[in-house]
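Visitor: have a look at this prediction, sequence included:
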Amino acid sequence: MSPVASNPPQPGSTDPSVIRNFCIVAHIDHGKSTLADRMLQNTNVVASRDMQNQFLDSMDIERERGITIKSQAVRMPWQVDGQDYILNMIDTPGHVDFAYEVSRSLAACEGAILLVDAAQGIEAQTLANLYMAMEHDLEIIPVLNKIDLPAADPERYALEISNLIGVDPDDVLKVSGKTGEGVEALLDRVVSVVPAPSGTVDAPARAMIFDSIYDTYRGVITYVRMVDGKLSPREGIRMMATGAEYELQETGVYSPDAIPGKGLGVGEVGYLITGVKDVSESKVGDTVTTKNHPAEEAIGGYSEPQPMVFSGLYPIDGSDYPALREALEKLQLNDAALSYEPETSVALGFGFRVGFLGLLHLEIVRERLEREYNLDLISTAPNVIYNVTTEDGTVVRVTNPSEFPEGKIMEVEEPMAMATIIVPSEFIGAVMELSQSKRGQLDGMDYLSEERVEIRYWIPLAEIVFDYFDLLKSRTKGYASLNWQRDGSQVADLVKVDILLQGDTVDAFSAITHRDHAYSYGVKMTSKLKELIPRQQFEVPIQAAIGSRIIARENIRAIRKDVLSKCYGGDISRKRKLLEKQKEGKKRMKMVGTVEVPQEAFIAALSTDTDSK
Amino acid sequence: MLPEFVAPAVNGTDRTFSLYVHVPFCVSRCGYCDFNTYISPDLGPGASHESYADTAIKELEFAAEALEQSGVDPKPLHSVFYGGGTPTLLAAHDLNRILQRARELFGIAPGAEITTEANPDSLSFEAVGLLAEGGFNRISMGMQSSVSHVLQVLERTHNPDNVSAAAQWIRDASLDLSLDLIFGTPGESVADWHRSLDAVLEVRPDHVSAYGLIVEAGTKLAAQIRRGVYPNTDPDDQADKYLATEERLAAAGYRWYEISNWAYDPHHQGIHRSQHNLAYWRDQDWWGIGPGAHSHMAGVRWWNAKHPAAYASRVLDNISPAIGREVPDDEARLLEKIMLGVRLSEGLEVSVLRSQPEPDAQIALAETRRLADQGLIEPAALEDGRIVPTLKGRLLDDAITRQLAGF
């Protein structure tokens, strides 16, 4: 009964007709990894008894040793009707920030499992990746997961899926990654419906890079999907976009551990090791060919990663600046999309302006810097890229409010995004109200089922980056799911709002915002700072200004009493220690002009507030 | 035993030696109070209303012996101060016995100020007479306010009308009278504070201490404010009341000589200032008797076990009740001298700042000119080599300290 392959074909000599390359498109908590684990178990790639403890444990140890643990693609043997097949399961990032990486992963496949939680239905991000998979002409296998859950409603969501992709509801497979129910049937379905890869065996080699990661011991590991020809160890290879040439040190597949082999042939999925130290030399989407018989044309679809969101990252302790630089250098080895350049701020000292693919990317990088490199960081409000045309026609690219040109501005162009929101229909009003207040324009609305609706808004990226998602979640009781992609740009009435302390601009608080929102931003920041900055010996005006025009103002009144009334015998040590503590605290004060501002005030003012919502 | 450097620093110098006696008992605990005081009249052997005087006397004897063994020459007491708690909860006879033993062990300098704190309700005509006979010449009474709703917030249980009666007994016995006041209590209006000042000026004490209320962490009042029972104290309100205090008291002939202290001295003769408290602020030496009491000798500070039972058991077992000691380094000593000196009308001598190594001395001297420019210290006094806070500077005294200490 168990159709596990007994003598599976070997890497480098696998007939393309028995290869099935597929990925799983799923929302983050819809059970993708549980299902993937179950597949590894059913295909005997990992012994079932070892599944939980041994396999996962060894990954932890590997993680501790700094060895790469991600298996971006796993080769699984599977037998149907006595025929051995090779299934390559390719991992796809789930998040919109990594849309380009997703598209390259999808381009490496011929089929996609659309995995949907049978108790929750499809989510916006899944939908976006599904559409992308359909654009790549992938064969879609709709699957409802978690059918073992009491709350599962497979009939209802099968209908939703069938409406969405135009299949018969009865063709939606029902599985449970947890119990294993339906998983073998799913593997059989992959074999029967996913097309075998097509490619020319004797053509010059072409392999598409769909991921590359940095490994402390081995350097960069490049994941490829062979399209034409063959790549073998010790061959000279060339990256067609960058032109870089290397000697191929090793090829192999993961199953799930790395298995070095004699090469990779048409349709196969595996890894290359070249001794390259930096992932930016092995770019996702690039085509690998051989030095001696290079292909004429690269596989299409390559593009450079484009940072869309920028934020200043500063060490809270200024002496950590070199450590932050080093940490960013190391992270960049593993993250080709990360870009940064040094920046200084009056308020925050030395730091870096860092470009990210999106907010999640920002969060991931920040968290890694804090966790893996033990840095305490402060980040400025995220920023998109504006094109500002001044009166004399010069166009300035602004990634930081401090770059916003002074003087008369002809126009400001801001990046736009198409946002897709999926919500229960009762929240349509709330979503529309929020989106309109965030300057969104309704693009369309479709009912996925009677209760769930997909709403599309063309909306400034800056608003999404700012607080749109948080507000969306809170106004829909957490039900809304959001996806967005860059979609053109628009000219808008945007202004730079500066925050001034006693007449001095505090650069960290400058923001580019729509004129209609400038006032509320000004009021919010001035009143926030009034609470956060301790009273000084003189009155400190806090102003918000557009250019020279003041739009909001608060005053920190001069401190009138700064003395402990009592100081007798036993109080002397105590009072001295109090003063000594103030002396320590003074070291964390930053001077803005003559105003002393505790670092905590900057941090608190920059951190997104939950109370004001 | 004291460190070896103490005796040469004290012997043959004009450093004065004072005595503090802590009495850790009260009838009830006030909501704002974080002093080391207890309601129970009997906290164990040597720590009850009846037995405490003997314990204190035993520590006095220990003190005399320790000073002698440390090579410190005996000096007659410059001042004696009984604080608490409520010292007058002990029998006047017991307070006198302690004083008598101190007189035998150390001697008392001619004209020495001998004070006890008292609660208006725990004082009697007879007790005042006995204390005067025993050698006390000054009583410091905890009045705090004359307004009953303010006293309620403070949880002071005394009857405000008793203050004037007690004041009269003190006068009749020819003792000096000081009144302790608190301003800025939650719920106290400016008019309320003026009513308290009216009452003070009616009594006409020789000395007034008036503190802005400090809400100490861990007190009942702090918890009440946290829970919103009372509003928090407002520094601006306290500043206004401080200025009102200065204005009213000065007009009535009282002169400030420390941030929170005024002496009745209409002709500027320097009289009625508390010699004992000045000893603290002038960085003089004193021995503190009793649980939790702090002592200071020539830059060495130490303190006794806090709980009366723990304190008493150590004393009764012939173990020093001191449980902690610090010898602040030069930088910390300088900070102490600055913070104490700039609280006084006699001021901090500029020479103290000059004694630092360069460039710190030059920086501090430059700060003195800046402070004068800012209107925080008296320019004329600075010319005379002293740093004396102006009225504005008194309210920002900690800022003066920080500036002079270089932070």
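Guide: Looks like it came in fine. Residues are numbered from 1 along each chain as shown, chains lettered A, B, ... in the order given.

Visitor: buried residues in the lengthiest strand in chain B?
Guide: Across chain B, the longest stretch assigned as strand under DSSP state E is strand B:108-118. Under the neighbour-count criterion of 16 or more other Cβ atoms under 10 Å in any protein chain shown, strand B:108-118 has B:Ile108, B:Ala109, B:Ala112, B:Glu113, B:Ile114, B:Thr115, B:Thr116, B:Glu117, B:Ala118 buried. Glycine gets a C-beta too; all of them are placed from N, C-alpha and C.

Visitor: out of the residues you listed, which is nearest to chain A?
Guide: Nearest to chain A out of the buried residues of strand B:108-118 is B:Glu117 (Cβ to the nearest Cβ; 11.4 Å).

Visitor: what's near enough to touch that closest one?
Guide: Contact analysis of B:Glu117 by Cβ atoms under 8 Å, 6 or more residues apart in numbering or on different chains lists B:81-88, B:139-142, B:180.

Visitor: switch the cut-off to 6 Å
Guide: Neighbour list for B:Glu117: B:Gly83, B:Gly84, B:Pro87, B:Ser140 [criterion: Cβ atoms under 6 Å, 6 or more residues apart in numbering or on different chains].

Visitor: and which of those residues is nearest chain A?
Guide: For the contacts of B:Glu117, the nearest to chain A is B:Gly83 (8.1 Å; Cβ to the nearest Cβ).

Visitor: which strand or helix spans the closest one?
Guide: strand B:77-84 (DSSP states H and E).

Visitor: and that strand with chain A, contact?
Guide: No. Strand B:77-84 lies out of reach of chain A by Cβ under 6 Å from any Cβ of the partner chain, never closer than 8.1 Å.

Visitor: and the angle for that strand with strand B:108-118?
Guide: Relative orientation of strand B:77-84 versus strand B:108-118 (axes from the mean of the first three to the mean of the last three Cα atoms, to 10 degrees): 10 degrees.

Visitor: check which helices and strands strand B:77-84 sits against.
Guide: Packing contacts for strand B:77-84, counted by 3 or more Cβ pairs under 6 Å, 6 or more residues apart in numbering or on different chains; DSSP states H and E, involve strand B:17-23, strand B:108-118, helix B:275-281.

Visitor: using PDB, write out every CA atom in the second one.
Guide: Once side chains and other backbone atoms are set aside, the C-alpha atoms of strand B:108-118 remain, and they are given as PDB (Å, rounded to 0.1, in the frame of the first residue of the first chain):
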ATOM      1  CA  ILE B 108      28.100  69.600  77.500                       C
ATOM      2  CA  ALA B 109      29.500  72.800  76.100                       C
ATOM      3  CA  PRO B 110      28.300  76.100  77.600                       C
ATOM      4  CA  GLY B 111      25.300  77.400  75.700                       C
ATOM      5  CA  ALA B 112      24.800  74.100  73.900                       C
ATOM      6  CA  GLU B 113      21.400  73.700  72.300                       C
ATOM      7  CA  ILE B 114      19.400  70.800  73.700                       C
ATOM      8  CA  THR B 115      16.300  70.000  71.800                       C
ATOM      9  CA  THR B 116      13.600  67.400  71.900                       C
ATOM     10  CA  GLU B 117      10.900  67.000  69.300                       C
ATOM     11  CA  ALA B 118       7.400  66.800  70.700                       C
END
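
Visitor: after it, which helix or strand is next? Please name it.
Guide: helix B:125-134.

Visitor: other residues contacting that next one?
Guide: If you take Cβ under 6 Å, 6+ apart as the criterion, helix B:125-134 is touched by B:Ala92, B:Asn96, B:Leu99, B:Trp169, B:Ile170, B:Ala173, B:Leu175.

Visitor: and the fourth one, how far from B:Gly83?
Guide: Put plainly, it is B:Trp169. According to Cβ to Cβ, to the nearest Å, B:Trp169 stands 20 Å off from B:Gly83.

Visitor: up against chain B, what does chain A have?
Guide: Neighbours of chain B within chain A, by Cβ under 6 Å from any Cβ: A:560-563, A:565-566, A:568-570, A:573, A:576, A:583, A:586.

Visitor: other SSEs contacting the longest helix anywhere in chain A?
Guide: Counting by DSSP state H, the longest helix found in chain A is helix A:515-532. In terms of contacts (3+ Cβ pairs under 6 Å, 6+ apart), helix A:515-532 is packed against strand A:494-501, strand A:540-546, strand A:549-556, helix A:599-606.

Visitor: average pLDDT across it?
Guide: Mean pLDDT, computed over helix A:515-532, is 93.

Visitor: can you count the residues close to A:Lys277?
Guide: When counting by other Cβ atoms under 10 Å in any protein chain shown, one arrives at 11 neighbours for A:Lys277.

Visitor: tell me the pLDDT at A:Lys70?
Guide: Confidence at A:Lys70, expressed as pLDDT, is 47.

Visitor: my bad, should have said A:Ala347
Guide: On pLDDT, A:Ala347 comes in at 77.

Visitor: tell me the most buried of the helices and strands packed on helix A:515-532?
Guide: With neighbours taken as mean count of other Cβ atoms under 10 Å in any protein chain shown, these reach their highest mean count in strand A:494-501, at a mean of 23.
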